[in-house]
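Q: pasting the sequence and the predicted model now:
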Amino acid sequence: MASPRLRSRISNFLNPLLSLLFCTGSSTGIHTITLTLTLTLLLLSPLVASTTLPDFLNWHSPLPGDLRGPCPGLNALANHALIPHNGRNLSIPLLVDTLGSVFNLSPELARIVSFGGIALGPGNGTFSLLDLNKHNAIEHDGSLSRADYNLGGDNFSLNPAIFASYMRWFEGSGNMSLNAAAVARLSRVQTERFRDGAFVYGPSQQFNSYLESAILWLTMVDPADGGTKVEFVRTLFEEERLPYKEGWRPPKAQINGASLASTILQLALATPAQNVPWDLTDLYAAGLGRGESDEGRNGDSRAQRYFLSWHLPGADLFL
């Protein structure tokens, strides 16, 4: 368990964030970050992640009978055989080691991520990637790349149209800006709220939505400039492959509970306080058309202009 000194350091970092959320009246934000803080303090461990560099060039697509789920990152780890290629028998020690060596997740954060999968498994201390398909557990409506469960039942396979609708917010940019990532995430939530009559977006789904964007932002980093590279994100999602050949390397800075909570808060602060209008989100999903008159090619592209137009400080942060 964590030492009193370490507990104090984490509390000192996160307490100002909680105070900020109280001031803005965002009760859901308080709930989610408080939950993160509680889990972090309970599960902190002296485990040390492996420092051995994996073989990122070893990649094979799934074989018949191999299991995959809704998380492109874990699917990529399986395709690289950094976890079992068949997608079965994933344990906490295995994931702590792998998530540490590949994505530089701290042991305590890797344990928290792993416990989410274990809770969906058969109760023997392991889980499979298929177990993650359970609706409204880790998987959620308004995914960046998957269809809602209620819109066809396939909530685990890459949906090219949906992912394209997400990626178009970054057209014209080599790196993702935090503003663009925030608007792109919100557009996915809004689109499915409109299309899915059974759409669910409670505190758990909201937290997972922010969590996946934050982890993506922190892990798909270009070592050359420290930015989150659009090409890396595209490769991870479309090929379920770590973009090692494109220049990606494991992040130099360790990703821990504090850095993750900070990134989630930054995404929340960058989220437009008003809903992005439907004519701006274009309702890309399900083959719906998009406007061609707003194809910015500089800076943050379309999302930057919409952010500047719609962000109103002081309104509810967590949409």
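A: Cool, got the structure.
Q: in the stretch 101-250 of the chain, mark out all the helices, start to finish.
A: Ranges of helices within the stretch 101-250 of the chain are 107-118, 160-167, 178-195, 203-219, 230-239, based on DSSP state H, counting those that start in this stretch.
Q: report all helices and strands that the third one contacts.
A: Read it as helix 178-195. Applying 3 or more Cβ pairs under 8 Å, 6 or more residues apart in numbering; DSSP states H and E, we find helix 178-195 packed against helix 160-167, helix 203-219, helix 257-270, helix 278-281, helix 301-310. From N, CA and C alone the C-beta is placed, and that goes for glycine too.
Q: quick one: closest of those to residue 133.
A: Smallest distance to residue 133 across the helices and strands packed on helix 178-195 (Cβ to Cβ): 13.9 Å, for helix 203-219.
Q: show me what the closest one is packed up against.
A: helix 27-43, helix 178-195, strand 228-229, helix 257-270.
Q: may I see the buried residues of that helix?
A: By neighbour count on 16 or more other Cβ atoms under 10 Å, the buried set for helix 203-219 is 204-219.
Q: hmm, who's touching that helix?
A: The contact list for helix 203-219, computed with Cβ atoms under 8 Å, 6 or more residues apart in numbering, reads 28, 31-32, 35-36, 73, 103, 136, 138, 140-144, 176, 178, 181-182, 185, 189, 201, 228, 233, 251, 255, 259-260, 263-264, 267-268, 318.
Q: which of those residues count as buried?
A: Among the contacts of helix 203-219, the ones that count as buried by 16+ other Cβ under 10 Å are 28, 31-32, 36, 73, 103, 138, 140-144, 176, 178, 181-182, 185, 189, 201, 228, 233, 251, 255, 259-260, 263-264, 267-268, 318.
Q: ok, now which ones touch the nearest residue to residue 225 once chain neighbours are set aside?
A: Nearest residue to residue 225 in three dimensions, chain neighbours excluded: residue 175, at 7.2 Å (Cβ to Cβ, 6 or more residues apart in numbering). Applying Cβ under 8 Å, 6+ apart, we find residue 175 in contact with 222, 225, 227-230.
Q: of all those, which two lie farthest apart?
A: Maximum pairwise distance among the contacts of residue 175 (Cβ to Cβ): 12.6 Å, between 225 and 230.
Q: these two: who's more crowded?
A: residue 230 (21 against 9; other Cβ atoms under 10 Å).
Q: hang on, the more buried one packs against residue 169?
A: No - between residue 230 and residue 169 no contact is recorded; they are 10.0 Å apart, counting by Cβ atoms under 8 Å.
Q: okay, now the unreliable bits of the protein?
A: 1-52, 273-319 (pLDDT under 70).
Q: can we see that at 90?
A: Low-confidence segments of the chain (pLDDT under 90): 1-54, 137, 172, 194-195, 271-319.
Q: residues near residue 66, how many?
A: Using other Cβ under 10 Å, residue 66 has 18 other residues around it.
Q: what's the burial count for the nearest residue to it once chain neighbours are set aside?
A: Leaving out its chain neighbours, the residue that sits closest to residue 66 by Cβ to Cβ, 6+ apart is residue 86, at 4.9 Å. Neighbours of residue 86 under the rule other Cβ under 10 Å: 16.
Q: quick one, what contacts residue 86?
A: 63, 65-67, 78.
Q: can we see that at 7 Å?
A: Applying Cβ atoms under 7 Å, 6 or more residues apart in numbering to residue 86 gives the contacts 65-67.
Q: want to throw these into TSV with secondary structure and distance to residue 90?
A: Formatted as TSV, those follow (DSSP: H, G, I helix; E, B strand; the rest coil; distance: Cβ to Cβ, whole Å):
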residue	secondary structure	distance to residue 90
65	coil	16
66	coil	13
67	coil	10
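Q: any chance of those in TSV, plus distance to residue 194?
A: Listed next are the contacts of residue 86 as TSV, based on distance: Cβ to Cβ, whole Å:
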residue	distance to residue 194
65	38
66	35
67	32
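Q: distance check, the residue lying closest to residue 217 once chain neighbours are set aside against residue 87.
A: By the measure of Cβ to Cβ, 6+ apart, the closest residue to residue 217 outside its immediate chain neighbours is residue 228, 5.1 Å from it. Look at residue 228 and residue 87: by Cβ to Cβ, to the nearest Å, they are 27 Å apart.
Q: residue 70 now?
A: For residue 70, the distance to residue 87 - Cβ to Cβ - is 12 Å.
Q: report the buried residues of stretch 171-180.
A: 173, 175-180.
Q: whoops, I mixed them up, stretch 151-162
A: Neighbour count says stretch 151-162 has 151, 155-156, 158-159, 162 buried, by 16+ other Cβ under 10 Å.
Q: ok, back up a step: next, work out how far apart the residue nearest to residue 225 and residue 73 are.
A: Taken as Cβ to Cβ, the span from residue 175 to residue 73 is 19 Å.
Q: try residue 111
A: In this view, residue 111 and residue 73 are 16 Å apart by Cβ to Cβ.
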